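>>> give the three-dimensional model of this entry:
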Amino acid sequence: MAKPIHSMVRVLEEQRSVDFYLTAFGMEVAERFAFEGFTLVYLRSPESEFELELTINHDQKEPYQLGNGYGHIAFSVSDLEAEHQRVSSAGLNPMPIKEMVYQGRKLAKFFFLQDPDGYRIEVLQRQGRYI
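Numbering: from 1, shown residues only. Here you go, the predicted structure:
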């Protein structure tokens, strides 16, 4: 079977993005590879082997155009309200907490925030299928 190992986003400023993901999700640099022309930074949470790959193209001077195809990446947390308060206090400006109901059953409780490059991130209460 295939095992998901990472997702990649292109970012404009390496340190700004590394700081954001550390503050928002506790993701730390697992490895960093500086090539001629670009740098790859792999971030990992202590709770998972899955990594977020940040690609920094050295010649990129303008923000990336995200287009209309990208949706979001999602993280689950054990206490959504506490996490919302924590990222709010850190100045990360999360959107309000919402709930999604499907056929009368509470499917998800979540909020969104954006990273410094505008990528949307969903933060879900760890429950049901979102554990």
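>>> partners of the biggest strand by length in the chain in the sheet?
If you go by DSSP state E, the chain has its longest strand at strand 105-114. Using DSSP bridges, the strands paired with strand 105-114 are strand 98-102 (antiparallel), strand 120-125 (antiparallel).
>>> mind listing what's buried in the longest helix seen in the chain?
When the chain is parsed with DSSP state H, its longest helix is helix 14-25. Neighbour-count burial for helix 14-25, counted by 16 or more other CB atoms under 10 Å, picks out E14, S17, V18, F20, Y21, A24, F25. Placement of C-beta: from N, CA and C, glycine included.
>>> for stretch 24-38, same thing?
So, applying 16+ other CB under 10 Å, buried residues of stretch 24-38: A24, F25, M27.
>>> mind checking the end-to-end distance for it?
Stretch 24-38 has an end-to-end distance of 25 Å (criterion: CA to CA, to the nearest Å).
>>> tell me the mean pLDDT over it?
Average pLDDT, stretch 24-38: 96.
>>> the chain - how does it break down into domains?
1-60, 71-131 (automatic domain parsing).
>>> how far off centre is stretch 9-23?
10 Å (CA atoms, centre = their mean, to the nearest Å).
>>> re earlier: tell me the one of the buried residues of stretch 24-38 nearest M8?
M27 (13.8 Å; CB to CB).
>>> thinking the closest one is in contact with V41, fair?
No - the criterion here is CB atoms under 8 Å, and M27 misses it with V41 at 10.2 Å.
>>> tell me where the model's unsure across this protein.
2 (pLDDT under 70).
>>> mind listing the strands for it?
6-10, 28-34, 38-44, 51-57, 73-77, 98-102, 105-114, 120-125.
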